[in-house]
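Visitor: Let's see this in three dimensions:
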Amino acid sequence: MKAKELNMDKNNDAIHRRMADMPKAYRKVYQRAMTGRSRKAAMRAMCLECCGWQRVEVANCSAPNCPLYPYRPDRVPVGRVLSSQVR
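Guide: Model (predicted):
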């Protein structure tokens, strides 16, 4: 087996192990991201993973020093209140 093929097998194994540990609802987004054809899916998958796979936490992200912060999915527009914040 060539070195490049061996490396691809290791990457595929790592991807499948990571997918097994994530909620089923987000596996398709992660798969799209890993194809390298969807930057939007890659940003969504990274933000979701960082926030423990909780969409509301992505919207409430408190890491403005993150390079993806301005592009994060599900962000709350300035002045808008989430229904979870209304009491």
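Visitor: What segments of the chain are helices?
Guide: If DSSP state H is used as the criterion, the helices of the chain fall at 3-20, 27-34, 39-50, 55-59.
Visitor: Out of these, which is the most enclosed?
Guide: Among the helices of the chain, ranked by average contacts under mean count of other C-beta atoms under 10 Å, first place goes to helix 39-50 (a mean of 18). Any C-beta I mention is one placed from the backbone N, CA and C, and that applies to glycine too.
Visitor: Figure out which of the helices of the chain is closest to C66.
Guide: For C66, the closest of these is helix 39-50, at 7.7 Å, according to C-beta to C-beta.
Visitor: relative to helix 27-34, how tilted is that closest one?
Guide: 120 degrees (axes from the mean of the first three to the mean of the last three C-alpha atoms, to 10 degrees).
Visitor: quick one, which of the helices of the chain is nearest to R72?
Guide: helix 39-50 (4.9 Å).
Visitor: average model confidence for the closest one?
Guide: What helix 39-50 shows for mean pLDDT is 92.
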